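In: any chance you can model this:
(one chain, ligands or ions: 1)
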Amino acid sequence: MPTVAPVSDGAVVGAVSRGRRQQRTAQRTEDDTFFCKRCATQHKPRQCPAFVSLREMSDKRQRARVQGSWAQQKPSASGAAVPVQTQQRAPWAGAIQRKLTEEKSFEFQRLAEPLRQIPTERLLDSSGEFEISSEPSGASSLRLIYNYLSTEEADWLFSKLLHELPWSQKTNYRLGAAYEEPRLTCWFGELPYTYSQSTLKENTQWPPDLLLLRTRLLSDLSLSFNSVLCNLYRSSHDSIGWHSDDEAALGPRPTIASISLGDTRVFRLRKKPPQEAASDFSSCPHIRIPLSHGSLLVMEGSTQEDWQHQVAKEYHDRGPRINLTFRTMYPQGI
Ligand SMILES: O=C(O)CCC(=O)C(=O)O
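Out: Numbering: from 1, shown residues only. Modelled structure (predicted):
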């Protein structure tokens, strides 16, 4: 932007200097040559000898910079070393060539053992009967009935059990160390129930609602039970870890009927690994079942022998949930 300043006759300085430059350019074109201050001679525009020799110099410098670091020095006739542009390879070019040849000779070989596949978790979220495995021990199967209890029945039962059952926190033991179960429980049955090295005492004071439910399971599904374990998950922080209901007192291949009330929680099963895989469950089948208000899940056959199950803690807020697992207990040591 030229400097703009008012002058006495009303013209503008910037405009004046631009006018003069245009005049000079016009003259140069007419004369075809002009006096060059750089070389102090008269010549045509863009033909200054000083400028041409400067450009040649700069080209030479550029070439020297590119070749300089690795171009071999060849003695000149006079004995002085001069840089040369030859087809000779740089000292490290051989190493690269060797490496490329080695890489070419690389071969993929088949693994001695096939890679283990990590199976995707199977989701069961609609009612039905599912055979989940079949082993020498027998078939493991699940029966899932969503809305086994209507919403009204489930609401009423949930509220009643939440307020009226004698909930308490059980102390378990692992490797001699005591820990509190991360949930509340209560037990009804003529026999005690021992798991995780602590015992829930026999309790014959069945609440009438649970007796009705037991009768209903018998009439609807021909399933008979003599006990029920009640679990109360107060929030998303309450849980039950991986385990199988395989205590000797439950007998072989026990059938367990589980009714859920309250907030939905995810019930997971994972197949026990073969003996040689020790306790690596990573490549074993996994199943995920959202257990909602009023749903019934029946675990049958070899499920307790061949699978484990859990309800894990969750990172989302969850309201209270009650789970009733009906079982049949057998007297021990007789
Ligand atoms: O809460 C549940 O759905 C499962 C309870 C359970 O695994 C158990 O009582 O052994």
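
In: Thr204 and Glu190 touch, don't they?
Out: Yes: taking contacts as C-beta atoms under 8 Å, Thr204 lies within contact range of Glu190: 5.9 Å. For every residue, glycine as well, the C-beta is placed using N, CA and C.

In: higher neighbour count, these two?
Out: Glu190 (12 against 8; other C-beta atoms under 10 Å).

In: list the residues that contact that one.
Out: Residues in contact with Glu190 (C-beta atoms under 8 Å, 6 or more residues apart in numbering) are 202, 204, 226-227, 329.

In: ramachandran angles for the nearest residue to Leu200 once chain neighbours are set aside?
Out: With sequence-adjacent residues excluded and distances taken as C-beta to C-beta, 6 or more residues apart in numbering, Leu200 is closest to Trp187, at 3.8 Å. The phi/psi pair for Trp187 (degrees, to the nearest 10) reads phi -130, psi 140.

In: neighbours of Trp187, how many?
Out: Counted with other C-beta under 10 Å, the neighbours of Trp187 add up to 20.

In: do the same with Ser141
Out: 18.

In: against the ligand, how distant is it?
Out: 17 Å (C-beta to the nearest ligand atom, to the nearest Å).

In: which bits of this protein sit near the ligand?
Out: Residues of the chain that fall close to the ligand, judged by C-beta under 6 Å from any ligand atom: 229, 231, 240, 245, 258, 267, 291, 309, 311, 323, 325.

In: looking at these, which one is closest to the ligand?
Out: The ligand has its nearest neighbour among those in Asn323, at 3.3 Å by C-beta to the nearest ligand atom.

In: low pLDDT regions in the stretch 101-250 of the chain?
Out: 101-106, 114 (pLDDT under 70).

In: ranges for the helices of it?
Out: Secondary structure of the stretch 101-250 of the chain (DSSP state H, counting those that start in this stretch): helices at 151-164, 208-221.

In: list the buried residues in the first one.
Out: When neighbours are counted by 16 or more other C-beta atoms under 10 Å, the buried residues of helix 151-164 are found to be 154, 157-158, 161-162.

In: angle of it against helix 208-221?
Out: Angle, helix 151-164 to helix 208-221, by axes from the mean of the first three to the mean of the last three C-alpha atoms, to 10 degrees: 140 degrees.

In: about what we covered before: can the buried residues of helix 151-164 go into a markdown table with extra columns for distance to Ser58?
Out: Output for the buried residues of helix 151-164, formatted as a markdown table (distance: C-beta to C-beta, whole Å):
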| residue | distance to Ser58 |
| --- | --- |
| Ala154 | 89 |
| Leu157 | 94 |
| Phe158 | 89 |
| Leu161 | 93 |
| Leu162 | 90 |
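
In: list the residues that contact Ile322.
Out: Neighbouring residues of Ile322 by C-beta under 8 Å, 6+ apart: 158, 161-162, 230-233, 260-262.

In: looking at those, which are in strands?
Out: Of those, the ones assigned to strands by DSSP state E are 230-233, 260-262.

In: which of the residues you listed tops the neighbour count?
Out: Among the ones in strands among the contacts of Ile322, Ser260 has the most neighbours (other C-beta under 10 Å), with 29 neighbours.

In: quick one: that one from Gly294, how far?
Out: Ser260 sits at a distance of 7 Å from Gly294 (criterion: C-beta to C-beta, to the nearest Å).

In: Gln308 now?
Out: In terms of C-beta to C-beta, Gln308 sits 25 Å off from Gly294.

In: and these two? Which one has more around it.
Out: Gly294 (22 against 19).

In: for Pro208, the count of nearby residues, please.
Out: Pro208: 8 neighbours (other C-beta under 10 Å).

In: which of the contacts of Ile322 sits closest to Cys48?
Out: For the contacts of Ile322, the residue nearest Cys48 by C-beta to C-beta is Tyr233; the value is 92.0 Å.

In: picking up where we left off before, from the buried residues of helix 151-164, which two are the most distant?
Out: Ala154 and Leu162 (12.0 Å).

In: report the rounded mean pLDDT for stretch 45-62.
Out: The average pLDDT within stretch 45-62 is 70.

In: quick check: bridge partners of His243?
Out: Counting by DSSP bridges, His243 forms beta bridges with His309.

In: and it, how many neighbours?
Out: Residues near His243, counting by other C-beta under 10 Å: 12.

In: pretty sure it is touching Gln308, no?
Out: Yes: with contact defined as C-beta under 8 Å, His243 counts as touching Gln308 (6.0 Å).

In: secondary structure class for Asn323?
Out: strand (DSSP: H, G, I helix; E, B strand; the rest coil).

In: what bridges to it?
Out: Beta-bridge partners recorded for Asn323 (DSSP bridges): Asn231, Ser260.

In: report the central residue of this protein.
Out: Nearest to the mean C-alpha position of the chain, by C-alpha atoms, centre = their mean, lies Thr120 at 12.7 Å.

In: and that residue, backbone torsions?
Out: phi -80, psi 150.

In: do Leu124 as well
Out: Dihedral angles (degrees, to the nearest 10) for Leu124: phi -110, psi 110.
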